[in-house]
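Visitor: sequence? don't have it. structure:
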Ligand SMILES: O=C(O)[C@H](O)[C@@H](O)[C@H](O)[C@H](O)COP(=O)(O)O
């Protein structure tokens, strides 16, 4: 494992090895937080991540994780109907969440009706309201500065252009600090309408695990090199920190220019 400034990273030979490590990391934190607090708050993103999480559906994890204590959120979501193939909720439900015993009430999707209507602004406002209610119910704590919610573990992915969540290079959402959840209607990665946690919320998590596997794009390894060697802040993923640990899991291809 390597470490620089606030960032730790591992490079894996294959996606499969990355996936095994991701399951181990997640299961370890699940056990730790369930023991300490009686619950575990996990934030998912879309993309390849759900596929890589599938090792959690195998032994020894499937039967040993206390799924009933999980509370699941999305760091970003595409504003479309739940049954739309673009929906991150659908991706996670079909590929992962429906196969484990997480109570439905602990799965916090965006508002179904505004999502189907494509109303990104309302979806963002309602998702923030949902988080604020969970703070009142003591399910979500606030981080030490009292301004933002503090999730236990966030599982993130990075796009080849260096975006994370739906914070894209050259778009103003990266600068939003007065909200917990914001929206975008012209996302360069389709679909265009999305909601996203703001950067201070993302960075308030206790643990952030960023997983990046490259599918033979030239841009992805360049972005990784730009972040790790030059800390290029024009790339949103360069800003990633966490309260306890910021871990990057890279496959060999993504790390090829390091
Ligand atoms: O909804 C989304 O589009 C995602 O949450 C997005 O932020 C994703 O995590 C990255 O784009 C990486 O995606 P890939 O794993 O597909 O490269």
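Guide: Sure thing, it's come through. Quick caveat: nothing in here was measured; it's all calculated off a predicted structure.
Visitor: quick one, helices of the stretch 151-258 of the chain?
Guide: Under the criterion DSSP state H, counting those that start in this stretch, helices of the stretch 151-258 of the chain are mapped to 199-202, 219-230.
Visitor: To the ligand, which of the ones you listed lies closest?
Guide: helix 219-230 (7.9 Å; C-beta to the nearest ligand atom). C-beta coordinates here come from the backbone N, C-alpha and C atoms, glycine included.
Visitor: quick one: residue 22 is in a helix?
Guide: Yes: assessed by DSSP: H, G, I helix; E, B strand; the rest coil, residue 22 belongs to a helix.
Visitor: hang on, the earlier thing: which one of the helices of the stretch 151-258 of the chain is the most hemmed in?
Guide: Counting by mean count of other C-beta atoms under 10 Å, helix 199-202 has the highest mean neighbour count of the helices of the stretch 151-258 of the chain, with a mean of 23.
Visitor: Now for the closest residue to the ligand within the stretch 51-200 of the chain: which residues touch it?
Guide: The stretch 51-200 of the chain approaches the ligand most closely through residue 157 (2.9 Å), counting by C-beta to the nearest ligand atom. Neighbouring residues of residue 157 by C-beta atoms under 8 Å, 6 or more residues apart in numbering: 45-49, 164, 210-212.
Visitor: can you rerun that using 10 Å?
Guide: Contacts for residue 157 (C-beta atoms under 10 Å, 6 or more residues apart in numbering) come out as 44-50, 52, 75-76, 163-165, 210-213, 237.
Visitor: which of these are close to the ligand?
Guide: Contacts with the ligand within the contacts of residue 157, as defined by C-beta under 6 Å from any ligand atom: 45-49, 76, 163-165.
Visitor: With pLDDT as new columns, can those be given to me in TSV?
Guide: Formatted as TSV, those follow (pLDDT from 0 to 100):
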residue	pLDDT
45	97
46	95
47	92
48	92
49	93
76	98
163	98
164	98
165	98
